[in-house]
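Enquirer: give me coordinates for this.
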Amino acid sequence: MKIHPLFTKRALPLLALTGIIPLAITLLFLWAGGWLTPARLTSDKLVTVLEKSSGVHPTYRRNHAKGICILGRFISNGNASGLSRAALFAKGETAVTGRFAIAGGNPHAPDYAVPVRSMALLFQQANGEQWRTGMNAMPFFPVSSVDAFYQLQTATLPESQTGKASPQKLTAFIASHPEVKPFFAWAKQYKPSSSWASDRFNSLNAFRLVDQAGQSHLVRWSMVPTIAEEPVSEASQHDADFLQKDILQRLDRGPLSWDLVITLAQAGDKSNDAAAAWPADRQTINAGRLVINRATPQQQGPCNDINFDPLILPDGIAASDDPLLNARSSAYAKSYNLRTREQAGAKL
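Expert: Reported below is the predicted structural model:
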């Protein structure tokens, strides 16, 4: 069959394009997954190194695996509405579903053995938009980059012969990443509190609040407890689940609360380095109060199927250029997909 010259000149490029588009999409998919660049750090590698550290525990999160669901509301006082057009900062109340947890991928770890704790929250705005945030009870992150975090996890993996991390590997890591020294200095003197209720939880990463005029303001935020901190008791140091028991007992007596305190950056404060603390004299704004009135077990609880992705943000809150944010989002998604598939398989 003879092909018409017009068909040859015009149609063939289109036919070629229809082949190029799927190929390009496939290549992008493979690159994003790290298949074409094996040395590139991916969410698979991040999750795998976490599993090597704590073991594989199907149906649970790969980090902060042990926790408890919490329910409550955020009562905004309107003080932050000039900084952000997000609906939750206007005066009023916003429903909140959240989670307390301890760091690590072992859902059976004793509470007293894990000093780092976390609070994750989902604010459900009336307009359907959500704000999800994960905060930790430490003042800053150990390292600045995703690669350094991966190397830190690798350096602290337990050795098969001893069951403990290699001092030589850790020393070598510190020598090549001196920015971790302030974190280790903090950890050395840190004394965990007796309760999640008295912990201060910090965003660590910087974000931007966007006002009605479209101007952005670089910030970090903290949930500051309204009760005084108490040291861990001797009895608690022998109770593997003392944090969960404590929070349930406290809520039986009444609601628990934290103030949402926003810290505004000044010139020179880094937006892309969660390991760098901002000076203590920065301006702060109390944006309102988080009130928690109920807690439930996490398995089959209201927080269990929530991916607390830090990049799920409402209009009025935007991500900064901190590289850890994209890495957290990607790793959280990988962990979420793994555990939801495992949960679905367990029901069959």
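
Enquirer: can you give me the helices in the stretch 201-348 of the chain?
Expert: 242-253, 323-347 (DSSP state H, counting those that start in this stretch).

Enquirer: can you redo those as TSV with mean neighbour count, distance to residue 71 and mean pLDDT?
Expert: The C-beta positions use only the backbone N, C-alpha and C, and glycine is treated the same way. As requested, the helices of the stretch 201-348 of the chain are exported to TSV (neighbours: other Cβ atoms under 10 Å; distance: least, Cβ to Cβ, whole Å; pLDDT from 0 to 100):
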stretch	mean neighbour count	distance to residue 71	mean pLDDT
helix 242-253	16	10	97
helix 323-347	17	20	90
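
Enquirer: any idea which of the ones you listed gets closest to residue 316?
Expert: Nearest to residue 316 among these is helix 323-347; the distance by Cβ to Cβ comes to 17.0 Å.

Enquirer: just how off-centre is that closest one within its chain?
Expert: Computed by Cα atoms, centre = their mean, to the nearest Å, the separation of helix 323-347 from the middle of its chain amounts to 12 Å.

Enquirer: skip the chain neighbours and tell me the closest residue to residue 83.
Expert: Leaving aside its sequence neighbours, residue 83 sits nearest to residue 209 (Cβ to Cβ, 6 or more residues apart in numbering; 4.4 Å).

Enquirer: state the mean pLDDT of stretch 197-208.
Expert: What stretch 197-208 shows for mean pLDDT is 98.

Enquirer: could you list the low-pLDDT ranges of the stretch 1-150 of the chain?
Expert: Within the stretch 1-150 of the chain, the segments meeting pLDDT under 70 span 1-41.

Enquirer: do that again at 50, thanks
Expert: Scanning the stretch 1-150 of the chain for pLDDT under 50 picks out the ranges 1-39.

Enquirer: can you give me the helices in it?
Expert: Under DSSP H, counting those that start in this stretch, the stretch 1-150 of the chain gives helices at 5-6, 12-33, 43-54, 146-155.

Enquirer: residue 233: what's it in contact with?
Expert: The contact partners of residue 233, taken as Cβ atoms under 8 Å, 6 or more residues apart in numbering, are residue 194.

Enquirer: domain map for this protein?
Expert: Under the assignment automatic domain parsing, the domains of the chain span 1-37, 64-324.

Enquirer: make CSV out of those and add distance to residue 47.
Expert: Output for the domains of the chain, formatted as CSV (distance: least, Cβ to Cβ, whole Å):
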stretch, distance to residue 47
domain 1-37, 12
domain 64-324, 9
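
Enquirer: and these: which comes nearest residue 49?
Expert: Ranking those by proximity to residue 49 (Cβ to Cβ) places domain 64-324 first, at 4.5 Å.

Enquirer: got the end-to-end distance for the closest one?
Expert: Terminal residues of domain 64-324 are spaced 17 Å apart (Cα to Cα, to the nearest Å).

Enquirer: ok, stretch 60-79 next?
Expert: End-to-end distance of stretch 60-79: 38 Å, with Cα to Cα as the criterion.

Enquirer: what residues sit buried inside that stretch?
Expert: Residues of stretch 60-79 classed as buried: 60-74, 76-77 (neighbour count, 16 or more other Cβ atoms under 10 Å).

Enquirer: chain neighbours aside, what residue packs nearest to residue 179?
Expert: Of all residues not flanking residue 179 in the chain, residue 275 sits nearest, at 5.1 Å (Cβ to Cβ, 6+ apart).

Enquirer: right, and the one you found touches residue 139 too?
Expert: No: using Cβ atoms under 8 Å as the test, residue 275 is too far from residue 139 to be in contact (10.3 Å).

Enquirer: out of these two, which sits in the busier spot?
Expert: Higher neighbour count among residue 275 and residue 139: residue 275, with 21 against 15, using other Cβ atoms under 10 Å.

Enquirer: residue 285 versus residue 244, what's the distance?
Expert: Relative to residue 285, residue 244 is positioned 32 Å away (Cβ to Cβ, to the nearest Å).

Enquirer: repeat that for residue 207.
Expert: Residue 207 is 14 Å from residue 285, by Cβ to Cβ.

Enquirer: which of the domains of the chain sits closest to residue 43?
Expert: Closest of the domains of the chain to residue 43 is domain 1-37, at 8.6 Å (criterion: Cβ to Cβ).

Enquirer: hang on, the earlier thing: who has more neighbours out of residue 207 and residue 285?
Expert: A count of neighbours by other Cβ under 10 Å puts residue 207 above the other of residue 207 and residue 285, at 25 against 19.

Enquirer: quick one: residue 99 and residue 298 touch, right?
Expert: Yes: using Cβ under 8 Å, residue 99 is in contact with residue 298, at 6.7 Å.
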